[in-house]
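> After the sequence you'll find the predicted model.
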Amino acid sequence: MAETRSLDRVVIRFAGDSGDGMQLTGDRFTAESASLGNDIATLPNFPAEIRAPQGTLPGVSSFQVHFAEYDIVTPGDRPDVLIAMNPAALKANLKDLPEGGVIIVDQGDFTKRNLAKVGWNSDPLTDGTLDKWKVHALDLSGLAVAAAKPFGLGRKDASRTKNMFALGLLCWLYSRERKGTIDFLKTKFANKPEIRDANIAAFNAGHAYGETAEIFEHRYTISPAPMPAGRYRQVTGNLATAYGLMAGADLAGLQLFLGSYPITPASDILHELSRRKDVGVVTFQAEDEIAGISAAIGASWAGNLGVTTTSGPGMALKMEALGLALMTELPLVVVNVQRAGPSTGMPTKTEQADLLQALMGRHGEAPVPVLAAQSPADCFDTAVEACRIALKYRTPVIVLTDGYLANGAEPWRIPDLDAMEPIDPGFATEPNAAKPDGSPAFHPYVRDENLARAFAIPGTPGLEHRIGGLEKNATTGAISYDPANHEAMIRTRAEKVAGIVRDVPDLEVHDPSGKARVLVLGWGSTYGPITAAARRVRLAGREVATVHLRHLNPMPANLGDILRGYERIIVPEMNLGQLAFVLRAQYLVDVQSYSRVRGLPISIAELEEHLTAEIDALEDK
Amino acid sequence: MTNGLTHIPVATAPQTRKDFTSDQEVRWCPGCGDYVILSTFQGMLADLGLARENTVVISGIGCSSRFPYYVDCYGMHSIHGRATAIATGVAAAREDLNVWVVTGDGDALSIGGNHLIHALRRNVNLTILLFNNRIYGLTKGQYSPTSEIGKLTKSSPYGSLDNPFDPVALALGAGATFVARAVDSDRVMLSEVMKQAAQHQGAALIEIYQNCPIFNDEAFDALKGPEAAESLIKLVDGEPVKFGADDRLCVVRGDYGLEIVETAGADPERIVVHDAARPDPTQAFALAQLTDHGVLHRAPVGIFRDVDRPAYDFELRAQVAAAKAENPRAALSAAMRGGASWEIA
């Protein structure tokens, strides 16, 4: 009987062929861990090819899960345990595994032919290649077939249950419950009893194998993490974004209209919203990116909350229409799930290189509020806030997330919609001006205390008027080429967006000792790696302060003071220093950029090393 | 035939053309065909008798796209080529709006060609007025996608090389359910075609031959004045297609497509009888082929096609209405709780 030990955290990576069901396996393991109360963070990694040739390196798909007894902020840099279903999965992931890490491989798949597919002339399981690691080579395929065969499946179908065998084994190793997965399999394969029973059998067999085979010296437990009370679920960034958009429209009492064109990695938002007709969402899969945003503008003008979702290349196409939304001062939310660019770039990989595009990508003086989410669950709050700003100020709002947030998942405390503050769309119903003859008139550019213009939707009697992309007279709304009027309108639009800062909470710097001389400032999905790296720096006895930006335009009112309060400011970004560029321009502060553009989240270990060196260099002065 | 105006509130009092005239000074060049189209449109709207506030006119960019500023209802002058896409969003969002798109040959067929064909194939409930002057006017005289080959303009000093689109044939090819053509100078026909297009449920496209006196004057002269009887093939539903003085010419089925022959020598059995409601668009397409591609000396006008097919936006709303929960907030809360959630005390 293996001895049970307790761990505070573990990172496991499931890797296999894209047909091996690794995403499903990882997902199930995560669900079991979440229900035990561990904090979790996950990151899938899949090839852009739908089905790359079997057993090859481009066909490797993986799913990493980090679970712990404390609050974690990233899926982890490097796995402690790698489950590799074939030689390609082992070869593709080996470099990420630290020395001494655990490898579990399906020995049954390590045939001469499969080894040759990835360029291995000899078997790494026996030739010493894996000496640095703790290797458990098991015939997962063979064991799974033995368990699944009695249910009438052929060898090929039976061997497909090997992911469930592996999952059962891992559930034993980390003391996870089995009931959730068994219930899941019963539902998923309700119409295919033989597949259902074979998978359940393989899953149970994997668990029993761990119990009886005595190949593992230890079994592990990870205690629940302390988290605020409430009902939780796992959520990915894209799903949380979809919920946030629906919640925003619901709080405003408006129909949500999504005009969108499929694009990686944003399509899951379109998919979720298309399913949610029960909530009353209208989705329009447009002929192209431009039609997506144009239809959303039309719907907003007609009194819906118009939304469009996309990624970098699509964002580029939407820019002219975004200018129209800005000029006509209509509410609109534009979500850019950033991916590695430029051009087609690396569609399934993450990046933060669209910040300057969001801030400055339009022609003319065209200010747009920009928000960025910092974690998968935070996408919900960010989307709701974007809806609130769009409706209150009658402006397009850009929400930046990225591929890492979109597909990554973490526990989310499900909010109570009834407890959230409603949004007043404030449509005009009465005339607000008079014609020269004294009869009532409606002037669309009469503004409220927030500089938001009067907005009457079609169908409102007596308020008929025209809007458009041409510059308009600040008072009457008629076309105007008057120089002074143009300048006044430009300044008013800029002032309106700048004034949103009144709704932006001051930043709170995290500086536990209050003695830090170095401040790390981030935005968007670098929140996880920055927080984790700063924790390690502090654990090692150094001082470091951190602060994170959600509002990229306008920026919080106290940011300037914060920047001037530290000797050294480091800005980690997955681009070549775009926020650093803006901060230098706007605040005349010599911030230092820390850039990584590899299509991957910033490495915690590398950032920790960099911060340590910076802090030490400052101490030496 | 299903009526596309079923859900639009009607006016509470009789209306005149003046009710649809805005306070903006109309600024097209003297002699521009747009003037007569505008006044015909305003008069037609008054005749339709719908609530003014529920009428929406959306345009793109170009001379014709100034149109919304002059019509006193709700209007949007948008960006180049996108009016059809914006109008699709408006129509999808609201069933109680009578949606019009005003566009030109450059706006609809060049920069906005993609949106046009997709609005037509989807059959969105809106009416598109395509002002075709066969030239770029606002940018001062370059050839357009409907200009004849060899057109001499500032951007084609050696003659344009592009084969032109026939907007009617393009619309039919895209699966449009209502396609018509009219000439700016024939107010009676234009008004009648607009009215029928408005009542059509789904996307309706009217190509309007519109004279540009500055950059392409006389492009349609052969279709106007004394020559018109010989050059305009007026399509009348249910009638044999005959034209010319005393109907001396007619359209007959040939071995391949349609042919124009002397009526006197024609086999009456082979004379085409126009039937706009024919589900198969082949005959309408063949009629469209009788249009000159070069300088215009002959063109069929009237309603080429008017068939019943469910409108996209009606079906979209029906799908949502059928699935929508009684309490959408509760449905959203349930979705947010998801399949697997857990309680932390």
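Everything's here; your move.

> Give me every residue in the stretch 201-345 of chain B lying close to chain A.
Counting by CB under 8 Å from any CB of the partner chain, the stretch 201-345 of chain B comes close to chain A at B:316-317, B:319-320, B:322-325, B:328-329, B:331-333, B:335-338, B:340-345. To be clear about C-beta, it is placed using only N, CA and C from the backbone, and glycine gets the same treatment.

> What are the boundaries of the helices in the stretch 101-250 of chain A?
For the stretch 101-250 of chain A, the helices defined by DSSP state H, counting those that start in this stretch cover A:112-117, A:140-148, A:155-159, A:162-173, A:179-188, A:193-213, A:237-252.

> Quick one: closest of those helices to chain B.
When these are ranked by distance to chain B, counting by CB to the nearest CB, first place goes to helix A:237-252 at 5.3 Å.

> where does residue 312 land on pLDDT?
Defaulting to chain A. According to the per-residue confidence, A:Gly312 scores 98 in pLDDT.

> my bad, chain B
B:Tyr312 is assigned a predicted lDDT (pLDDT) of 98.

> Residues of the stretch 1-150 of chain B that sit close to chain A?
Among all residues of the stretch 1-150 of chain B, those adjacent to chain A (criterion: CB under 8 Å from any CB) are B:22-24, B:51-54, B:56, B:58, B:61, B:68-69, B:72-79, B:82, B:85-94, B:96-97, B:114-115, B:118.

> Can I get the buried part of these as one PyMOL selection?
The command below creates a PyMOL selection of those among these that count as buried (16 or more other CB atoms under 10 Å in any protein chain shown):
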select buried, chain B and resi 22+51+52+53+54+56+58+61+68+69+72+73+74+75+76+77+78+79+82+85+86+87+88+89+90+91+92+93+94+97+114+115+118
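
> Would the helix or strand A:Phe63 falls within count as contacting chain B?
Using DSSP states H and E, A:Phe63 sits in strand A:60-68. No - counting by CB under 8 Å from any CB, chain B has no neighbours in strand A:60-68; the shortest distance is 13.7 Å.

> what's the helix or strand following that strand packed up against?
Scanning the chain past strand A:60-68 towards its C-terminal end, the next helix or strand to appear is strand A:81-84 (assignment: DSSP H and E). Using 3 or more CB pairs under 8 Å, 6 or more residues apart in numbering or on different chains; DSSP states H and E as the contact test, the elements touching strand A:81-84 are strand A:9-17, helix A:87-93, strand A:102-106.

> mind running it again at 10 Å?
strand A:9-17, helix A:22-35, strand A:60-68, helix A:87-93, strand A:102-106, strand A:134-138, helix A:162-173 (3 or more CB pairs under 10 Å, 6 or more residues apart in numbering or on different chains; DSSP states H and E).

> got the buried residues for stretch A:589-603?
Within stretch A:589-603, the residues that count as buried by 16+ other CB under 10 Å are A:589, A:591, A:593-594, A:596-597, A:599-603.

> Tell me who's in contact with the spatially most central residue of chain A.
By CA atoms, centre = their mean, the mean C-alpha position of chain A lies nearest to A:Leu405, the distance being 1.5 Å. For A:Leu405, the residues meeting the contact criterion (CB atoms under 10 Å, 6 or more residues apart in numbering or on different chains) are A:236-238, A:240-241, A:265, A:337-338, A:350, A:372-379, A:382, A:524-525, A:527-528, A:601.

> Helices of the stretch 201-345 of chain B, start to end?
Taking DSSP H, counting those that start in this stretch as the criterion, the stretch 201-345 of chain B contains helices spanning B:228-231, B:282-288, B:312-323, B:328-337.

> tilt between the longest one and helix B:328-337?
Orientation check (axes from the mean of the first three to the mean of the last three CA atoms, to 10 degrees): helix B:312-323 against helix B:328-337 gives 80 degrees.

> mind checking how far the nearest residue to A:Phe257 once chain neighbours are set aside is from A:Asp71?
What sits nearest to A:Phe257 in space, not counting adjacent residues and going by CB to CB, 6 or more residues apart in numbering or on different chains, is A:Ala299, at 3.6 Å. Taking CB to CB, to the nearest Å as the measure, A:Ala299 falls 40 Å from A:Asp71.

> who's more crowded, the two?
Each of A:Ala299 and A:Asp71 had its neighbours counted (other CB atoms under 10 Å in any protein chain shown), and the higher figure belongs to A:Ala299 (31 against 12).

> Assign the more buried one to helix, strand or coil.
Judged by DSSP: H, G, I helix; E, B strand; the rest coil, the three-state class of A:Ala299 is helix.

> Surely it touches A:Val281?
No - in this structure, A:Ala299 is not within contact of A:Val281 by CB atoms under 10 Å, at 11.4 Å.

> give the contact list for B:Pro268.
Contacts for B:Pro268 were tallied using CB under 10 Å, 6+ apart; they are B:240, B:250, B:252.

> The first one - nearest residue in space that isn't next to it in sequence?
Excluding its sequence neighbours, the residue lying closest to B:Pro240 (CB to CB, 6+ apart) is B:Ile271, at 4.6 Å.
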